[in-house]
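1. Fold the following, please.
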Amino acid sequence: MAQARLPVTHFHVRFARGREAKRSKLRVCCAHGSIHEVEKVLVVGASRGAGLAVAKHLSQSDRFVALAGIQVGSKDEELTKAGVEIVARGDARDEDFVAKLVEKARPDAIVSCIGGKVGDCRRADYTGNRCLIDTALNLGVKKFILISSIGAGDSEAAIPGPSKDAVMPLMMDKTRAEIYLKESGIPRYFILRAGPLFHGNGDESLLSECPTAYGELSYVGLSKVVHTCLSEEKMWSKTYSSIDRERVYVSNPFVRPLESFEPIPFPIVEM
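-> Residues are numbered from 1 along each chain as shown. All right, here's what the predicted structure looks like:
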């Protein structure tokens, strides 16, 4: 007897990006047969570094449409090439600009990669994020991911001793931004404390709630963690440190990478 043909439950679909996606709520079929709405994700601070990596990674996903907010004068060639729509250019500390940016994008989620450098008195790590969080709350954005750094909040002890004095003013701004987000009332937030970031191979990222976890993290690994968080309900309302499992360091009493035979010296969270 011939077997009955099973119904097809997976197929590839094309979906609109950019302006087309903003006009409608699209749906996509995944390989296991479930249906998901395509979510618009606004990445702020997307012209370089972590923001650029996250926006490019999300633009390759069938689950998300990546939108970008960048500074005036920033290069946009890589974003444009990756298919990321640049919504607006401006200063994250400018309340009027941020309001126009979020209102124009109307995102389902925001990923803030706003960050300054040590010694930059005009950095927007707190002021820019505070403005963005307030705007997101006022306009009803339900999801907010804040890219912070190991060393902020209760992870201060993880900072290697020789660099602590230099980075503490920056970490204090990041700590204030973390606290502001937690107390903002945004329904779903996620705080990702990244280790020092590097280019190149290294996508074995891990998450830990241990405040002394320390090590480096690749831009690829960071982007994958953000994608996972946006896709998984269990990740919300959490604060995690993220590092590459091949670049874990023991910061006290020495700064050194673990040898290959050594176990990771803190509990990790399965993604």
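
2. which residues of the stretch 1-150 of the chain fall in helices?
-> Remark: helices assigned in the stretch 1-150 of the chain by DSSP state H, counting those that start in this stretch are 18-23, 49-59, 77-81, 95-105, 127-138.

3. which of the residues in the fourth one are buried?
-> Which is helix 95-105. Neighbour counts over helix 95-105 (16 or more other C-beta atoms under 10 Å) mark F97, V98, A99, K100, L101, V102, A105 as buried. C-beta coordinates here come from the backbone N, C-alpha and C atoms, glycine included.

4. Closest to V118 out of these?
-> V98 (24.4 Å; C-beta to C-beta).

5. State the distance from the closest residue to I133 other than its chain neighbours to I150.
-> Among residues not flanking I133 along the chain, S184 sits closest, at 5.0 Å (C-beta to C-beta, 6 or more residues apart in numbering). With distances taken as C-beta to C-beta, to the nearest Å, S184 is found 22 Å from I150.

6. ok so, going back, hmm, which two among the buried residues of helix 95-105 are most spread apart?
-> It's F97 and A105 that sit farthest apart of these, by C-beta to C-beta, at 12.4 Å.

7. about what we covered before: who are the contact partners of the residue nearest to I133?
-> I133, D134, L137, F144 (C-beta atoms under 8 Å, 6 or more residues apart in numbering).

8. now, which of these sits nearest G49?
-> Distances from G49 to the contacts of S184, taken by C-beta to C-beta, are shortest for F144, at 19.1 Å.

9. What number of residues are in the vicinity of that closest one?
-> F144: 24 surrounding residues under other C-beta atoms under 10 Å.

10. That one: what's it in contact with?
-> F144 touches A109, I110, S112, I133, A136, L181, S184, I186, R188, Y189, F190, counting by C-beta under 8 Å, 6+ apart.

11. Surely the fourth one and K182 touch.
-> No - contact criterion C-beta atoms under 8 Å: I133 and K182 do not qualify, at 10.1 Å.

12. Compare these two (neighbour count), which wins?
-> Neighbour tally, I133 and K182, criterion other C-beta under 10 Å: the higher count belongs to I133, 24 against 15.

13. can you pull out the strands in the stretch 51-200 of the chain?
-> Counting by DSSP state E, counting those that start in this stretch, the stretch 51-200 of the chain has strands at residues 64-70, 85-89, 109-112, 143-149, 188-194, 197-198.

14. Let me know which of those is the nearest to L258.
-> From the strands of the stretch 51-200 of the chain, taking C-beta to C-beta, the stretch that ends up closest is strand 197-198, at 16.4 Å.

15. C-terminal to that closest one, what's the next element?
-> Remark: after strand 197-198, the chain's next helix or strand is strand 205-208, criterion DSSP states H and E.

16. for that next one, packing partners?
-> In terms of contacts (3 or more C-beta pairs under 8 Å, 6 or more residues apart in numbering; DSSP states H and E), strand 205-208 is packed against helix 219-231, strand 238-244.

17. Mind doing that once more with 10 Å?
-> strand 188-194, strand 214-215, strand 217-218, helix 219-231, strand 238-244 (3 or more C-beta pairs under 10 Å, 6 or more residues apart in numbering; DSSP states H and E).
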